[in-house]
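Asks: Could you look at this predicted model? Sequence included:
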Amino acid sequence: MKKNVTWRALKMYHGFHRAYFPLKGLETLLRNFSPYFNLWMSAEIVTALYQGRKKEEIYLLAAVTLLVNLFTRIAGAFLGRATINALETLENNQALAFYKKTLSLDYDKLENPEIRQLRRKIVENSWINGYGVTNMRWQVEWLMDDLMKLAFSLILTVEMVTLMVRASFQWLGLLLFLLVLGVEAAAIIFANVANRKAAAYWDKTGEQMLWENQFSAGTRIQGMDNRIYRQQLLLNRLEKKLNDEHLKIFGTVDKKSFLYSIPKIVFFRLIKLFTCLIVCLYCILGAFPIGSVIKYVGYLEGLINCVGNLFTRTAMLKTNRRFLKTYLEYFDIKNDMYQGSLAVEKRSDRQFEIMFRNVSFRYAGSEEDALKDINLSLRAGERLAVVGRNGSGKTTFIKLMCRLYDPTEGEVILNDFNVRKYDYRQYLELFSVVFQDYNLLSVPLGNNVASAAEWEQEKAERLLRQAGFGERYNEMPKGLETPLYKDFDEDGVNLSGGEAQKVALARALYRDAPFIILDEPTAALDPIAEAEIYARFDEIVGNRTAIYISHRLSSCRFCDRIAVFDQGRIVQLGTHEELLADEGGRYYELWKAQAQYYA
Ligand code: ADP
């Protein structure tokens, strides 16, 4: 990776809301100004009292202190509010950017196991110490805080040193600073060792968490399985094992970092004591007035703390680097699917023909081809049924047709041109698909059917009825405005699997595409609903080219041709009668297996 990782991540993060860091900086400045100002004013007041100055002068000093405090409090409150709001926006934008990146990935990348791991890692890192961008934000904020404290302390230190130099004992001042430097050097070494140990621990924990979450993903959400199979017992056991291990590592790290911190603390205490003595000594020698003792001791202590903190921050930023690297790596993934520019012809006659020519395909990370040497051409308006056992490649065939993936070998051709040559968006618009694991959104029914912000009332209603959703629809007083599911709306309606499938079918029909692909479109339907769909199949499909995947062979009779998939190959292709005539064929075997239950 080129350039400094933290710097790159910070620039990107700042881009999520440009007002945040300036606001936070201002707020930090104001917050730090107050105590130093008060310390400074206290010194002035003590000195004035000691010198027996006029009452009015002292009152004036007190009044200025109060007024400035009042102002900083009020301004601080306003700034604090603005900062919190800005942070909210920033975090929303950050989440959105991550989400957008995910959605914009080429489909093969979206599904790629390594990239999925990366995505999961980023999310899970953020759960531990906010590692990644959140941790970076904390460190940067603390760094700003320390730097400001340091700046204030330095101003006063310079003043003090000047006064000391003016008084005679210059070597004493020098000695003091050499000692400060020495202690700091020791502190850095200790801090670094402790941090390195901590980082190693977090790495290990991170990996375990990843594994644990993979295991529990889905099972914990699926409360039903969980209860029936008492998975909780298994999970508890695994969790206990992990926890024990966490505690063991954490205990070691804790003990070590505690041991490292003892000399650090002792050194710091000693140096502070020493500082105190030196300042008092100089005061007695007349280098500065009595009130300044309060001021200088306070500031010097601040200075020492700040320098210590600065080193801790930089060490922590360094620890976080590996997590930022993971974060950036995700955003750096480039889409490399070839994007053609050829416009897809607009044809009202829907004369689109698709041909698979010697197509083979293998999923990333897989040892075997999911499709092998597929040759098939689809005439416009044809109805093709695709059948075969689980895992025989039917869905993969559809994914390649829709160009969610490009073939590993061979080509898919639309009206004489390789589909890669076409403008991708336009090409996708040729297809209406009801995937097996289709996804409805928790938004109003109308938006779901139209897949858009606006919908045509009459068309949406007609298609919902055509898809068999009519009865349920009549029960909805809000009609197409009815929100689906209760994620965002208490009044949302929950749909059964069959109802949802009908809505998904209506959505496919709403997009008036020349190809309609139905992957097990009736799997969740009851026999009556299924029979209704079949009865209206012609009406539903119209003059579109239809590809129909089904396990129910009886439903494939509606189709002109049937392609039988087996282990990634098309082993048979023909009409129902032709295929059934071949008694040694796969189709006959599948048919027999089903028919025995209906005989
Ligand atoms: P079908 O739709 O006929 O049930 P699929 O096309 O879904 O079959 O799967 C064909 C083969 O490809 C199976 O062996 C399956 O395990 C594998 N496969 C499917 N999806 C993926 C994926 N995203 N990554 C790796 N292998 C996959």
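Replies: Happy to help now that I have it. Numbers count the residues shown, from 1 in each chain.
Asks: alpha carbons only for contacts and neighbour counts from here, please
Replies: Noted.
Asks: Could you give me the buried positions within the host helix or strand of T134?
Replies: Assessed by DSSP states H and E, T134 sits inside helix 133-166. Buried residues in helix 133-166, counted by 16 or more other C-alpha atoms under 10 Å: 133-137, 139-150, 152-154, 156-157, 160, 163-165.
Asks: what helices or strands is that helix leaning on?
Replies: helix 5-16, helix 20-50, helix 113-127, helix 170-216, helix 291-332 (3 or more C-alpha pairs under 8 Å, 6 or more residues apart in numbering; DSSP states H and E).
Asks: please redo it, this time with the cut-off set to 10 Å
Replies: Helices and strands touching helix 133-166, by 3 or more C-alpha pairs under 10 Å, 6 or more residues apart in numbering; DSSP states H and E, are helix 5-16, helix 20-50, helix 113-127, helix 170-216, helix 231-284, helix 291-332.
Asks: which stretches of the chain have low pLDDT?
Replies: Flagging of the chain using pLDDT under 70 yields the residue ranges 1-3, 168-226, 249-250, 253-254, 256-257, 260-261, 263-264, 267-268, 598-599.
Asks: In space, not sequence, find me the middle residue of it.
Replies: F98 (4.8 Å; C-alpha atoms, centre = their mean).
Asks: SS state for I374?
Replies: strand (DSSP: H, G, I helix; E, B strand; the rest coil).
Asks: now it: how far from the ligand?
Replies: Counting by C-alpha to the nearest ligand atom, to the nearest Å, the separation of I374 from the ligand is 13 Å.
Asks: ok, now Q117?
Replies: For Q117, the distance to the ligand - C-alpha to the nearest ligand atom - is 13 Å.
Asks: For the residue nearest to the centre of the chain, give me its contacts.
Replies: N92, S104, R119, Y327, Y330, F331 (C-alpha atoms under 10 Å, 6 or more residues apart in numbering).
Asks: Most neighbours of all those residues, which one?
Replies: Within these, neighbour counts (other C-alpha atoms under 10 Å) peak at Y327, which reaches 23 neighbours.
Asks: mind checking the backbone torsions on L384?
Replies: Per-residue torsions, L384: phi -110, psi 130 (degrees, to the nearest 10).
Asks: from what I can see it touches I547, true?
Replies: Yes: using C-alpha atoms under 10 Å, L384 makes contact with I547 at a distance of 4.8 Å.
Asks: Overlap of the contact sets of those two?
Replies: L378, I517, C559, R561, I562.
Asks: how about a markdown table for these, with distance to the ligand, secondary structure and neighbour count added?
Replies: Output for these, formatted as a markdown table (distance: C-alpha to the nearest ligand atom, whole Å; DSSP: H, G, I helix; E, B strand; the rest coil; neighbours: other C-alpha atoms under 10 Å):
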| residue | distance to the ligand | secondary structure | neighbour count |
| --- | --- | --- | --- |
| L378 | 19 | strand | 18 |
| I517 | 13 | strand | 26 |
| C559 | 18 | coil | 19 |
| R561 | 17 | strand | 22 |
| I562 | 14 | strand | 26 |
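Asks: of those residues, closest to R237?
Replies: I517 (45.1 Å; C-alpha to C-alpha).
Asks: which residues does the closest one contact?
Replies: Per C-alpha under 10 Å, 6+ apart, neighbours of I517: 383-385, 398, 401-402, 431-435, 505, 508, 541, 544-549.
Asks: let's see 6 Å
Replies: V433, A546, I547, Y548 (C-alpha atoms under 6 Å, 6 or more residues apart in numbering).
Asks: out of these, which touch the ligand?
Replies: When C-alpha under 6 Å from any ligand atom is applied, no member of the contacts of I517 is adjacent to the ligand.
Asks: Contact residues of the stretch 51-200 of the chain facing the ligand?
Replies: So the stretch 51-200 of the chain meets the ligand at E111 (C-alpha under 6 Å from any ligand atom).
Asks: Kindly recompute the last result at 5 Å.
Replies: With the criterion set to C-alpha under 5 Å from any ligand atom, the stretch 51-200 of the chain never comes near the ligand.
Asks: The chain now?
Replies: By C-alpha under 5 Å from any ligand atom, the residues of the chain that approach the ligand are Y363, A370, N390, G391, S392, G393, K394, T395, T396.
Asks: Could you rerun that using 8 Å?
Replies: Residues of the chain found near the ligand (C-alpha under 8 Å from any ligand atom) are 111-113, 362-366, 368-371, 387-397, 565, 567-568.
Asks: Can you select the buried ones among those residues for me in ChimeraX?
Replies: Applying 16+ other C-alpha under 10 Å to these leaves a buried subset, and the ChimeraX line that selects it is:
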select :362,363,369,370,371,387,388,392,393,394,395,396,397,565,567,568
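Asks: out of the residues of the chain next to the ligand, which are inside strands?
Replies: L371, V387, G388, F565 (DSSP state E).
Asks: And the residue nearest to the second one when sequence neighbours are not counted, how close does it get to A535?
Replies: For V387, the nearest residue in space outside its immediate sequence neighbours is V564; the separation is 5.0 Å by C-alpha to C-alpha, 6 or more residues apart in numbering. Computed with C-alpha to C-alpha, to the nearest Å, the distance linking V564 and A535 is 24 Å.
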